[in-house]
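1. Give me a model of this one.
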Amino acid sequence: MEQRIDLQRFIQILKHRAVTIIVTTLFITSIAVIASIYFVKSSYEATEYIVVGKEQNENNYTENQELIRILASAVDLIKSPIVLNAVRAELGNQDTLKELEEKISVQNNKDSQIIHIVIKGSDPERSKQMAYAVGNVSVQKLNEILNVKNLKIVSKSETDISVKKVGDPLFNIAIGMFVGLFLGIVLGMVREYLDNSIKDESEVEQLLGLPVLGIVHVKKNQKKLIAYRPIMKQRGDLSARG
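-> Numbering: from 1, shown residues only. From the prediction side, this is the model:
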């Protein structure tokens, strides 16, 4: 019973503070819309693939172990300063090593001979260019340092690299709307808690424990203003007309 009363009270507060909730929701949603359109830049991911080694032979344990070591070494080397400095020099990139490293993600699924090099950036063409450069330089350095010959990148040029847009402005707007709704409800509850005025007869019965016998509607007296305009008569007398 108490839970039912609390729920009814909560619904009454939502109805009474509907304006506060709606205004807050619209305000936060508007901020999310403006931020998504004008301030939040679109992000893109370009992916290059490196194939390591020959096709695996399940009966040859030594070759499989060697392939696993090559894959692990390749993943470590791709984000190393050796590769990143070479990529910066090739592209004329002004990013620091740390900034460049944060844009690169290297992935290798279990039991797979393919290494995924994912480049994140705000420019799709620049991301494709960097992905191809990282893949190409990585293969060269692996051949030089580890003497690994069975390496190749899948893309023949930058145009072959796949790129996709990450993030959806509508998703950000939806989050802003839900956040605004939540803040509106919280603000409405706070205002209701701080408001000590009595709004209807049910609150009187709840506070005093006595039934309400009647309601008297009091109207504010409206004062009528009487305008006086002097009129000059022909006889020279001054009179006032209301």
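
2. in the longest helix along the chain, what's buried?
-> The longest helix of the chain (DSSP state H) is helix 169-194. Residues N172, I173, G176, M177, V179, G180, L181, G184, I185, G188, M189, E192 are the ones in helix 169-194 that count as buried (16 or more other C-beta atoms under 10 Å). The way it works is simple: take the backbone N, C-alpha and C, and place the C-beta from them, glycine included.

3. ok, the most centrally placed residue in the chain - contacts?
-> For the chain, the residue sitting closest to the mean C-alpha position, by C-alpha atoms, centre = their mean, is N172 at 4.1 Å. Contacts for N172 (C-beta atoms under 8 Å, 6 or more residues apart in numbering) come out as A32, A35, S36, V40.

4. State the mean pLDDT of the helix or strand where Y132 lies.
-> Assigned by DSSP states H and E, Y132 falls within helix 124-145. On average, the pLDDT along helix 124-145 is 88.

5. low pLDDT regions in this structure?
-> For the chain, applying pLDDT under 70 flags the ranges 1-5, 54-63, 198-201, 203-207, 212-214, 216-242.

6. Do a quick rundown of the helices in it.
-> Under DSSP H, the chain gives helices at 2-16, 18-34, 61-78, 81-91, 97-103, 124-145, 169-194, 201-208.

7. Pull the fourth one out as PDB, backbone CA atoms only.
-> Put plainly, it is helix 81-91. The C-alpha trace of helix 81-91 is given here as PDB (Å, rounded to 0.1, in the frame of the first residue of the first chain):
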ATOM      1  CA  PRO A  81      59.600   3.700 -32.600                       C
ATOM      2  CA  ILE A  82      61.500   2.000 -35.500                       C
ATOM      3  CA  VAL A  83      58.300   1.700 -37.600                       C
ATOM      4  CA  LEU A  84      56.600   4.900 -36.300                       C
ATOM      5  CA  ASN A  85      59.700   7.100 -37.100                       C
ATOM      6  CA  ALA A  86      59.900   5.600 -40.600                       C
ATOM      7  CA  VAL A  87      56.200   6.300 -41.100                       C
ATOM      8  CA  ARG A  88      56.600   9.900 -39.900                       C
ATOM      9  CA  ALA A  89      59.500  10.500 -42.300                       C
ATOM     10  CA  GLU A  90      57.600   9.000 -45.200                       C
ATOM     11  CA  LEU A  91      54.400  10.900 -44.700                       C
END
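
8. Provide the contact partners of it at residue level.
-> Here helix 81-91 makes contact (C-beta under 8 Å, 6+ apart) with 77, 93, 95, 97, 100-101, 104, 129-130, 133-134, 137-138, 140-141, 145.

9. and that helix, how far out from the chain's middle?
-> Taking C-alpha atoms, centre = their mean, to the nearest Å, one finds helix 81-91 lying 32 Å from the centre of the chain it belongs to.

10. Name the residues of that helix that are buried.
-> Within helix 81-91, the residues scored as buried using 16+ other C-beta under 10 Å are V83, L84, A86, V87, R88, L91.

11. got the angle between that helix and helix 124-145?
-> For helix 81-91 against helix 124-145, the angle by axes from the mean of the first three to the mean of the last three C-alpha atoms, to 10 degrees is 130 degrees.

12. ok so, going back, can you add distance to Q65 and give the buried residues of helix 169-194 back as a markdown table?
-> Output for these, formatted as a markdown table (distance: C-beta to C-beta, whole Å):
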| residue | distance to Q65 |
| --- | --- |
| N172 | 47 |
| I173 | 51 |
| G176 | 52 |
| M177 | 54 |
| V179 | 52 |
| G180 | 57 |
| L181 | 57 |
| G184 | 61 |
| I185 | 60 |
| G188 | 65 |
| M189 | 63 |
| E192 | 69 |
